[in-house]
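**Q** Can you look at this prediction? I've put the sequence above it.
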Amino acid sequence: MEKDELKTSVNENIIGKIELSPTVKQRTTKFMNLHHYCLFAGRDDFIEVTEWVNGEGVDIDLHSKHSGETKFSLTHGEWDCLQMIMEYDENV
């Protein structure tokens, strides 16, 4: 199927009054090299944090020679709780 034919067939597929076409969104991504912060990190190791389109959380990609490639997602509430746990000092 040619590109123009595919576009036409997608635009003709309508459920009720909703057109079946993709929505294009931009997401904010922040990137940081790990070797400035971690003694065990290699020069190419990094963390990338991308905010969800709905603004309710983030996707986290961690690439390091120590732990390989790790991907996970957190809501903002989970992120806040993680930060609180990391900063908790039971001696205070």
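**A** Arrived safely, thanks for sending.

**Q** And the most centrally placed residue in the chain, which helix or strand is it part of?
**A** Centroid-nearest residue in the chain, with Cα atoms, centre = their mean: Asp59, separated by 2.7 Å. Assigned by DSSP states H and E, Asp59 belongs to strand 57-64.

**Q** What segments of the protein are helices?
**A** Secondary structure of the chain (DSSP state H): helices at 3-12, 76-87.

**Q** Could you identify which of these has the lowest mean pLDDT?
**A** Note on those: helix 3-12 shows the lowest mean pLDDT, a mean of 52.

**Q** List the contacts of Lys30.
**A** When contacts are counted by Cβ atoms under 8 Å, 6 or more residues apart in numbering, Lys30 touches Glu48, Val49, Thr50. Any C-beta I mention is one placed from the backbone N, CA and C, and that applies to glycine too.
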